[in-house]
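Asks: Dropping the sequence and predicted coords here.
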Amino acid sequence: ILEFEDEIEVMPSKERPMKIKMMGSDGQRYLFLCKREERGDMRKNSRLMEFNTVVNRLLLNTPESRKRNLKLRTFAVLPLTEECGLIE
């Protein structure tokens, strides 16, 4: 990470996650949501994404699902605490 952009956008949803932007050393801009979950557990979200990755591998091994291009959308979840984390 080379730098963080100065402005943070608060999203208009119930949990009000913040969109933050970073500039990587590769020159690419990376967007993340910084999210706090009052009742949830960010570690559970991370595990769910890992499970979805396994399901995607299984779908790739089945000719019919490959033909239909079936896959679950996944994204990176980085839990910082039980209640707070970054979502790519």
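Replies: Okay, I see it. Please read all numbers here as calculations on a predicted model, not as lab measurements.
Asks: which of the residues in the longest helix seen in the chain are buried?
Replies: If you go by DSSP state H, the chain has its longest helix at helix 42-60. For helix 42-60, burial by neighbour count (16 or more other C-beta atoms under 10 Å) applies to 42, 45, 46, 49, 59. Heads up, the C-betas are built off the backbone N, CA and C, glycines and all.
Asks: possible to save those residues as JSON lines with pLDDT?
Replies: Output for the buried residues of helix 42-60, formatted as JSON lines (pLDDT from 0 to 100):
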{"residue": "42", "pLDDT": "83"}
{"residue": "45", "pLDDT": "85"}
{"residue": "46", "pLDDT": "88"}
{"residue": "49", "pLDDT": "93"}
{"residue": "59", "pLDDT": "95"}
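Asks: picking that back up, what sits up against the longest helix of the chain?
Replies: Helix 42-60 has contacts (C-beta atoms under 8 Å, 6 or more residues apart in numbering) with 35, 37, 65-66, 70-85, 87.
Asks: residues touching residue 70, list them.
Replies: Neighbouring residues of residue 70 by C-beta under 8 Å, 6+ apart: residue 59.
Asks: What pLDDT is listed against it?
Replies: Listed pLDDT for residue 70 reads 95.
Asks: ok so it is a strand residue?
Replies: No - going by DSSP: H, G, I helix; E, B strand; the rest coil, the assignment for residue 70 is coil, not a strand.
Asks: residue ranges for the helices of the protein, please.
Replies: Here the chain has its helices, by DSSP H, at 42-60, 63-67.
Asks: Turn those helices into CSV, including distance to residue 9.
Replies: As requested, those are exported to CSV (distance: least, C-beta to C-beta, whole Å):
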stretch, distance to residue 9
helix 42-60, 20
helix 63-67, 37
